[in-house]
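Enquirer: Kindly return the folded structure for what I paste below:
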Amino acid sequence: MATALVLIGIGLLLMLLEVFVIPGVGIAGVVGIIATIIGIVLAFNVDTVMGWWVLSATSVLSGILLWFSLRANTWDRFALHSEIDGKSSINMSAPELGAIGKTITRLNPIGKARFDSGVFEVTAQNQLIDDHTSVRVVSLSDQKIIVEQNSNEQST
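Expert: Numbering: from 1, shown residues only. Coordinates of the predicted model:
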């Protein structure tokens, strides 16, 4: 009977470690569940009435531990309280259709290009374009700027 109670105690302790210390679903939680189940089965092997008492006590103890772990103050310690104060570049005006710019990175097929209005993520149309190459805007959609190599200028 002592072995069953030790296994249940170890199982509950491992499950607590899994919840509060070890991130993710890992070995400790799985081993804790298995140890608890084996402890309950061993208690039933000793005596059926004792098995029911151990099962009931383990269920109540597990419920109490679950209640404590789900309280708001418990998880508040683990929560990130800083705020993101960065701003997106929504106000930047996208280059106009036909605008000429120069690639900063290789367009493979997506990369960055500099235009008069700033640096933008662009997509090459039907080709890969090396960096420091002159490009021209051929299409604009909601979130995409499609470019092609500017045939009037050679790459540097």
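Enquirer: So, low pLDDT: which residues of the chain?
Expert: Where the chain drops to pLDDT under 70, the residues are 23-25, 72-80, 84-92, 153-156.
Enquirer: what residues does the longest helix seen in it touch?
Expert: Ordering each helix of the chain by length in residues (DSSP state H) puts helix 48-70 first. With contacts defined as C-beta atoms under 8 Å, 6 or more residues apart in numbering, helix 48-70 is touched by 1, 4-5, 8, 12, 15-16, 19-20, 36, 39-40, 43-45, 74-75. From N, CA and C alone the C-beta is placed, and that goes for glycine too.
Enquirer: now with 10 Å?
Expert: If you take C-beta atoms under 10 Å, 6 or more residues apart in numbering as the criterion, helix 48-70 is touched by 1, 4-5, 8-9, 11-12, 15-16, 19-20, 36-37, 39-47, 74-75.
Enquirer: Identify the residues contacting the residue in the chain sticking out farthest from the centre.
Expert: Distance from the C-alpha centroid of the chain, by C-alpha atoms, centre = their mean, peaks at Asp47 (46.8 Å). Going by C-beta under 10 Å, 6+ apart, Asp47 touches 1, 53-54.
Enquirer: so how far is Ile40 from it?
Expert: Taking C-beta to C-beta, to the nearest Å as the measure, Asp47 falls 13 Å from Ile40.
Enquirer: again, but for Leu140
Expert: Distance, Leu140 to Ile40, using C-beta to C-beta: 65 Å.
Enquirer: Neighbour count: those two, which is higher?
Expert: Using other C-beta atoms under 10 Å, the more surrounded residue of Leu140 and Ile40 is Ile40, with 21 against 14.
Enquirer: Let me see the backbone angles for the more buried one.
Expert: Phi and psi for Ile40, reported as degrees, to the nearest 10, are phi -70, psi -40.
Enquirer: That one and Leu12 touch, don't they?
Expert: No: with contacts counted by C-beta atoms under 10 Å, Ile40 stays clear of Leu12, the gap being 11.4 Å.
Enquirer: And the helix or strand where Glu148 lies, how far out from the chain middle?
Expert: Taking DSSP states H and E as the criterion, Glu148 maps to strand 145-149. What separates the centre of strand 145-149 from the centre of its chain is 32 Å, taken as C-alpha atoms, centre = their mean, to the nearest Å.
Enquirer: hang on, the earlier thing: please narrow the contacts of helix 48-70 to those residing in helices.
Expert: When DSSP H is applied, these are split such that 4-5, 8-9, 11-12, 15-16, 19-20, 36-37, 39-46, 74-75 fall in helices.
Enquirer: Appreciated, that's everything.
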